[in-house]
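Engineer: return a 3D structure for these sequence lines:
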Amino acid sequence: MHPLSPGALVRRRYYVPRARIPSGAMVELPGRGSTYVTDTPGPSPDSPTVVLLHAVGCTGLLTWFPSIEPLSRRYRVVTMDQRWHGRGIQSPEFSIHDCADDVAALIDELDLRDVIVAGFSMGSIIAQRVWRQHPDKIDGLVLCATTDRFRSSIAERVFHQSLEVAMAGARGVSRSRTAVRASRQTARALDLDPADMHDWVLSEFRSTSPWAVGQAVAALGRHHSRPWLGRIDVPTAVVVTLRDKVLPPSNQIALARRIPGATIHDIQAGHAACVLESERFVPALLEAVDTVNARRRDVRRRGLSGPGTASDSA
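Structural biologist: Residues are numbered from 1 along each chain as shown. Next up is the predicted model:
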């Protein structure tokens, strides 16, 4: 009996939805580096923009490929690879703060308008930081499978502290020629058009090295947004994964309740819902984005009819 190939193993164990994979290009962010970006147009040139931020150990496309086409029926949809993920920026350190600045730089570089930032897991943490560091650049947030802090239990604290110590000794790898060469070889491999969705998923997953995932998880362990969540002043929706074994649903709901006016869109799904349970996740994501977009327009209208206008005094 011949052993199964990795692609065949993935095919046997997991259902991968079929979807159109948009083409992308490397985009230079001035003074920061280059990253891989896809930019799918919406139904009209003035469609609002949804910037999608991916989960740890994934790429922009790997997290969001089932969602891009449904979203593009109403919105312009942009994905990007975060630092040290896929074809993301190569840098000496991995920092959530830097990732948020990269998102802001991409918004400027593409001259995006009416921007809603949506993130899944790690991407939701980065999305929170985008508002914190660049509140003037975005008009709404959609946070999926999210949290306001890690290390909320003894087990989590021990895990993240141990990982942070271990990863500190490996940071020099990011500066090595070997790592840079490997990332360039990966980028060339990912330029191939996959003949099979399972093969494509596997190649995208392999494009981020295990040590890079470790660095990212260590950085996530330092995240703590609870002190300022109550100051978020853009329309926000939270997609809660109720069967999540990675980020407890109770933490996700608690975060939503700390953000003024945030809406909750819950689904009976686990932490990989964005792909493995996309039939549940995508409708909830669309509902969340539509809710934020409607509230964004309402806020804008109220601003235009502010104090002293006829509508205010009527």
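Engineer: run through the strands of this protein in chain order.
Structural biologist: Per DSSP state E, the chain carries strands over the ranges 24-29, 33-40, 49-53, 76-80, 115-120, 140-144, 236-241, 263-267.
Engineer: need the ones you listed in JSON lines with mean neighbour count and distance to Ser207, can you?
Structural biologist: Every C-beta, even on glycine, is put in place using the N, C-alpha and C of the backbone. JSON lines is the format used below for the strands of the chain (neighbours: other CB atoms under 10 Å; distance: least, CB to CB, whole Å):
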{"stretch": "strand 24-29", "mean neighbour count": "15", "distance to Ser207": "13"}
{"stretch": "strand 33-40", "mean neighbour count": "20", "distance to Ser207": "10"}
{"stretch": "strand 49-53", "mean neighbour count": "27", "distance to Ser207": "17"}
{"stretch": "strand 76-80", "mean neighbour count": "26", "distance to Ser207": "14"}
{"stretch": "strand 115-120", "mean neighbour count": "27", "distance to Ser207": "17"}
{"stretch": "strand 140-144", "mean neighbour count": "28", "distance to Ser207": "22"}
{"stretch": "strand 236-241", "mean neighbour count": "26", "distance to Ser207": "24"}
{"stretch": "strand 263-267", "mean neighbour count": "17", "distance to Ser207": "28"}
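Engineer: mean pLDDT and distance to Glu69 added to those, as CSV?
Structural biologist: Converted to CSV, these look like this (pLDDT from 0 to 100; distance: least, CB to CB, whole Å):
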stretch, mean pLDDT, distance to Glu69
strand 24-29, 98, 14
strand 33-40, 98, 8
strand 49-53, 98, 12
strand 76-80, 98, 8
strand 115-120, 98, 15
strand 140-144, 98, 17
strand 236-241, 98, 18
strand 263-267, 98, 19
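Engineer: the ones you listed: which one's closest to Gly60?
Structural biologist: strand 76-80 (3.2 Å; CB to CB).
Engineer: what residue ranges in this protein score low on pLDDT?
Structural biologist: Scanning the chain for pLDDT under 70 picks out the ranges 1-13, 151-195, 300-314.
Engineer: from the chain's centre, how far out does stretch 42-58 sit?
Structural biologist: Computed by CA atoms, centre = their mean, to the nearest Å, the separation of stretch 42-58 from the middle of its chain amounts to 10 Å.
Engineer: put the alpha carbons of it into CSV.
Structural biologist: The C-alpha coordinates for stretch 42-58 follow below in CSV (Å, rounded to 0.1, in the frame of the first residue of the first chain):
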residue,chain,number,x,y,z
GLY,A,42,-16.9,45.8,-5.6
PRO,A,43,-20.0,46.4,-7.7
SER,A,44,-19.2,50.1,-8.3
PRO,A,45,-16.1,52.3,-8.1
ASP,A,46,-17.4,53.9,-4.9
SER,A,47,-18.2,50.7,-3.0
PRO,A,48,-17.0,50.7,0.6
THR,A,49,-13.9,48.7,1.2
VAL,A,50,-13.4,45.7,3.5
VAL,A,51,-9.8,45.0,4.5
LEU,A,52,-9.5,41.4,5.7
LEU,A,53,-6.8,40.5,8.2
HIS,A,54,-5.9,36.8,8.6
ALA,A,55,-5.3,34.3,11.4
VAL,A,56,-1.9,33.3,12.8
GLY,A,57,0.0,30.7,10.7
CYS,A,58,-2.2,31.5,7.7
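Engineer: residues of it that come out buried?
Structural biologist: Neighbour counts over stretch 42-58 (16 or more other CB atoms under 10 Å) mark 42, 47-58 as buried.
Engineer: closest to Ser209 out of those residues?
Structural biologist: The shortest gap between Ser209 and any of these belongs to Gly57, at 9.5 Å (CB to CB).
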